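Enquirer: take a look and give me a structure for this.
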Amino acid sequence: MTNRSKALISLFAAFLLGFALCFLILRLAGPPRGHSQRAKPSPEQFTQSIIDKFTRELSLNEGQIEALREQLQQLRTRYDSLRVQNATCSAQIREQFRAEFSKVLTPEQQIRFVEFNKREDEKHWGK
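Expert: So this is what the prediction gives:
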């Protein structure tokens, strides 16, 4: 192997090592990735972003903007009502499951199951 070949191989290896090191540093030191990176907008911010988008895309006038704002508020109210209904239905289904499943447990397991459910409810639902 000639000195020139050795030099090229060394240069190529140094380049690859530098690239890998740079990638590793950026990966470890960079901001966290994923869904939690963005903060959830407030309902007002979300509504305003929709109004801005519609206004930009459709060239809405002031009357149309106010009508859109009112309809979005009504939509939010209906969705919130639906969320409450779904949460109530989910809680009922969960309680029915727990009651049925408890029937196959021993008395000692039933006590542990109740405690387990309390911990899970606190963790997931803040209850």
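
Enquirer: which residue ranges of this structure form helices?
Expert: 3-29, 43-58, 62-102, 107-125 (DSSP state H).

Enquirer: mean neighbour count and mean pLDDT added to the ones you listed, as a markdown table?
Expert: Backbone N, C-alpha and C define where each C-beta goes, glycine included. Shown next, in a markdown table, are these (neighbours: other CB atoms under 10 Å; pLDDT from 0 to 100):
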| stretch | mean neighbour count | mean pLDDT |
| --- | --- | --- |
| helix 3-29 | 10 | 79 |
| helix 43-58 | 12 | 94 |
| helix 62-102 | 11 | 93 |
| helix 107-125 | 11 | 92 |
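
Enquirer: burial of residue 105, as a residue count?
Expert: Neighbour count of residue 105, defined by other CB atoms under 10 Å: 13.

Enquirer: surely it and residue 113 touch.
Expert: Yes: in this structure residue 105 lies within contact range of residue 113 using CB atoms under 8 Å: 5.8 Å.

Enquirer: now residue 24: how far from residue 10?
Expert: Here residue 24 is placed at a distance of 21 Å from residue 10 (CB to CB, to the nearest Å).

Enquirer: then residue 2?
Expert: 13 Å.
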